[in-house]
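**Q** Attaching a predicted model along with its sequence, questions to come.
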Amino acid sequence: MYTVVERELELKLVLSPERSIPVPARLSFRTDDPYAVHITFHIGSDHPVNWTFARELLVEGVFRPCGHGDVRVWPTKVGGRSVVLMALSSPDGDALLEAPAAQVSAWLERTLRAVPPGSEAEQLGIDRGLAELLAPTPADDLWLRDPWPSDESKDGE
């Protein structure tokens with residue numbers, strides 16, 4: 001069983017310094033995928049646009065510029081409001097999105113309570129899974145025995 005932490009909010013797609021359009025979005029975090037955050041953009045089509053990237057990138061991006069390549073995140077002020085900007089790049093195009101910093105931070109805080117930083121691997125059970133995978137089984141004893149016992153006599157005959 002896993003927990004989902006979601007938040008609906010309105011982002012702004014920045015078209016130019018003077019113009020932006022609202023984009024309804026959903027932030028989603030699942031405890032069975034603890035390293036990732038998912039953002040679904042509802043753009044008025046039959047198929048929403050989904051992005052997945054590292055939770056750590058968004059956490060850091062609330063405080064300082066970070067990321068490179070397809071996802072870059074940084075805090076700034078727009079009209080006296082604290083916002084988080086996300087620059088997303090794909091083969092289909094680029095987008096600059098503005099999110100209210102307080103709402104993103106509150107949602108991130110909920111994800112960090114659900115799975116504290118540094119405990120993601122425990123949540124996934126990687127160590128437990130490796131231990132089970134590498135644990136010896138009775139069949140291993142058959143494989144580890146010498147399949148061709150020596151014909152030589154032990155008492156030196």
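**A** That came in fine, so what should we check first?
**Q** Any stretches of the protein with poor pLDDT?
**A** Filtered on pLDDT under 70, the chain yields the residue ranges 123-130, 138-157.
**Q** separation between the residue nearest to the spatial centre of it and residue 53?
**A** The chain has residue 36 as the residue nearest its centroid, 0.9 Å off, counting by CA atoms, centre = their mean. According to CB to CB, to the nearest Å, residue 36 and residue 53 sit 7 Å apart. Any C-beta I mention is one placed from the backbone N, CA and C, and that applies to glycine too.
**Q** Residue 80 too?
**A** Taking CB to CB as the measure, residue 80 falls 28 Å from residue 53.
**Q** what's the answer for residue 35, then?
**A** 10 Å.
**Q** More neighbours: the two, which one.
**A** More neighbours surround residue 53 than the other of residue 35 and residue 53, with 19 against 14 (other CB atoms under 10 Å).
**Q** Quick check: beta-bridge partners of the more buried one?
**A** residue 37 (DSSP bridges).
**Q** For it, give me its contacts.
**A** 36-37, 70-71 (CB atoms under 8 Å, 6 or more residues apart in numbering).
**Q** before we move on, back to that, can you tell me how far the residue nearest to the centre of the chain sits from residue 67?
**A** 14 Å.
**Q** Equivalent analysis for residue 1, please.
**A** 32 Å.
**Q** For these two, indicate the residue with more neighbours.
**A** residue 67 (18 against 4).
**Q** what lines up beside the one helix or strand the more buried one maps to in the sheet?
**A** Under the criterion of DSSP states H and E, residue 67 resides in strand 66-68. In the sheet, strand 66-68 lines up against strand 71-78 (antiparallel) (DSSP bridges).
**Q** what does the strand it pairs with contact?
**A** So strand 71-78 is contacted by 51, 53, 57-58, 60-67, 82-89, 98, 101 (CB under 8 Å, 6+ apart).
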